[in-house]
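> dropping the sequence and predicted coords here.
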Amino acid sequence: MARLTKEFTIKLSEPIEDAYLSCIDRLIINICKHLRTGKAYRTADWEIQKLSELGKLTEENAKIINEALKSVPQKVKDALSEASKESLKDIEAAIKAAIEKGAIEQSESDNVKEALESLLSQSIDKINLTNTTMLESSREAFRQAVQNVVFEESLAQGITNEIGAVISLSTETRNTALKKAIQQLLDNGIYGLIDRAGRKWSPEAYASMLIRTTSHNAAIDSIRARQQDYNSDIFQISEHSGARPLCYPYQGKFYTWGSQGGTFTDGNGKLHTYKPISSTSYGKAAGIFGINCGHYPLPQIPGVSIPSKREIHPENENTKEYLESQQQRALERRIREAKRAEAAYREAGLIDAADEIKNTVSERQAEMRAFISKTGRKRRYDRENVR
C-alpha cells in the first residue's frame, strides 16, 4: 500500500530547503563583505560609505538569489510528481483489477495532469514572492547592521568623551561594534515571509512547509482527479498512530467527495455506508487532509475493492529511520550555522572572532562524528558546508 506519510513529504521538501540554506549562507556572507571597514574611519564617514554601497549590494544579492535558486522550480515539480506517483499506486492497481474483471472500462480522461499543473503554478508564484521578500530582507538586514554599528560606536564615543578621550575611535572599538552587529545579523537572519500574525519565517522554513503542504495536496488532488476519470468518488480514510483530534474519529471510515451519502458493496460482497467528506473536519487547517495531516484517501471501486483493515500501524523501523534522519539534520544545521558565522566574521575582516568560533565548529563536528558512529548513518558533508 502506498504510504503518504509525514516522513515521505519531509523527504520531498529537503532538496528545496537545502537550496534556500545555501542561498542564505551566500547572502549573509555578502552582507558582511560590505560591512568591512574600508578606508573611512570616522563613524559618520563610515556610515555614508556603507549606505552608498546599498545599490551594489542589492544587485549582487539579486544575482545570488537567481543563481542559488534557479533549480528550485524543477525541484518543486519533481516533488509534486513524486507525491502524485506515490499516491496513485493503490488506485492504479484497483483500476487495473477492475478493468480485468470487466467492472469498468479504460478511461481516456486524465485529470491528474491538470490538477498538478495548477498546484505547480501556485507553488512557483509563492516561491517567487518568497525570493522577492528575501531580497528586500537582505537590504533591510544590511541597513540595520550599519545602524547597529553606528549606535555602538556613538555610545562608545559618548562614554570616551565623558572621560576626556579623543573623538576618533580605535580599531578595537570599531571591531567590537562590528562583531556585535554581525552577531545580531546572524541571530535575526533573513526572512522570506511575514504571516498574518506578524511572524517572520526564515526562507528555508517557509519553503519546506510550503512543499510539504503542497506535496500532500498533490497526492490528495491526484487521487481525486483519477477517481473523476472513472466517475468514482467513494474512498476510505487511511489510519495511523498518533492521529490528531480532528482526524482520529474518521480513520478507517468511508466517505465521498460528493454531497450525498449512501451505501456500496465491496469486492467481498460486504455492504458499507459512506458519508460526504463535508461532514468531517475536512477544510480545517488541523482537520482531515489539512496542513501536516498524514492521512490520505483509499479509493473504493464498488464490487472490486477490498477495504483496508482497521488497524493502527505501530512505530517501526521506518519511524526509527525518520527520527535519526531528523537528528542528523539538526546536527548538520548546527555545524552549518557555526561555519556561516565563521565565514561572516572572516569576510568582515574580524579574524580573531572567526578563529574563536572555529572552535565551536570543531565541537559540533565532534558531536556529528559521535552520532554517525552510534547510528551507522552516512555523513552528508554537503549539508554541513556553506557556499
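Alright, I've got the coordinates.

> from here on, contacts and neighbour counts on C-alpha atoms
Fine.

> what about Glu204, neighbour count?
24 (other Cα atoms under 10 Å).

> got the buried residues for the helix or strand containing it?
Glu204 is part of helix 203-229, with elements assigned from DSSP states H and E. In terms of neighbour count (16 or more other Cα atoms under 10 Å), helix 203-229 has its buried residues at 203-204, 206-229.

> quick one: low-confidence ranges for the stretch 1-150 of the chain?
Scanning the stretch 1-150 of the chain for pLDDT under 70 picks out the ranges 1-4, 38-40.

> which residue ranges form the helices in it?
For the stretch 1-150 of the chain, helices defined by DSSP state H, counting those that start in this stretch occupy the ranges 6-35, 43-52, 54-68, 72-87, 89-101, 111-162.

> surely Leu271 touches Phe264?
Yes: at 5.7 Å, Leu271 counts as touching Phe264 under the criterion of Cα atoms under 8 Å.

> neighbour count: the two, which is higher?
The neighbour count for Leu271 versus Phe264, taken as other Cα under 10 Å, is higher for Phe264 (17 against 12).

> Three-state assignment for the more buried one, please.
strand (DSSP: H, G, I helix; E, B strand; the rest coil).

> so what pairs up with it in the strands?
His272 (DSSP bridges).

> contacting residues for it?
By Cα atoms under 8 Å, 6 or more residues apart in numbering, the contact list for Phe264 reads Leu271, His272, Thr273, Tyr274, Pro302, Gly303.

> same question, Tyr274
By Cα under 8 Å, 6+ apart, the neighbours of Tyr274 are Ile234, Lys253, Phe254, Tyr255, Thr256, Gly261, Gly262, Thr263, Phe264.

> tabulate these in CSV, adding columns for distance to Glu108 and pLDDT.
Shown next, in CSV, are the contacts of Tyr274 (distance: Cα to Cα, whole Å; pLDDT from 0 to 100):
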residue, distance to Glu108, pLDDT
Ile234, 20, 93
Lys253, 30, 94
Phe254, 27, 96
Tyr255, 26, 96
Thr256, 23, 95
Gly261, 28, 94
Gly262, 28, 95
Thr263, 27, 95
Phe264, 25, 94
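
> a markdown table for the residues you listed, including distance to Cys247?
A markdown table is the format used below for the contacts of Tyr274 (distance: Cα to Cα, whole Å):
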| residue | distance to Cys247 |
| --- | --- |
| Ile234 | 18 |
| Lys253 | 11 |
| Phe254 | 13 |
| Tyr255 | 13 |
| Thr256 | 16 |
| Gly261 | 19 |
| Gly262 | 21 |
| Thr263 | 22 |
| Phe264 | 23 |
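
> quick one: contacts for Ala205?
Glu17.

> nearest residue to Thr43 in space, please, no chain neighbours.
Val150 (6.3 Å; Cα to Cα, 6 or more residues apart in numbering).

> from what I see, the one you found and Ile48 are in contact.
No: at 10.6 Å, Val150 does not count as touching Ile48 under the criterion of Cα under 8 Å.

> the two - which one has more neighbours?
Counted by other Cα under 10 Å, Val150 and Ile48 do not tie: Val150 has more neighbours, with 20 against 12.

> how about the secondary structure of Gln236?
Under three-state DSSP, Gln236 comes out as strand.

> beta partners for it?
Residues in beta-bridge contact with Gln236 (DSSP bridges): Phe254, Leu298.

> picking up where we left off before, out of the helices of the stretch 1-150 of the chain, the one nearest Ala353 is which?
helix 6-35 (13.1 Å; Cα to Cα).
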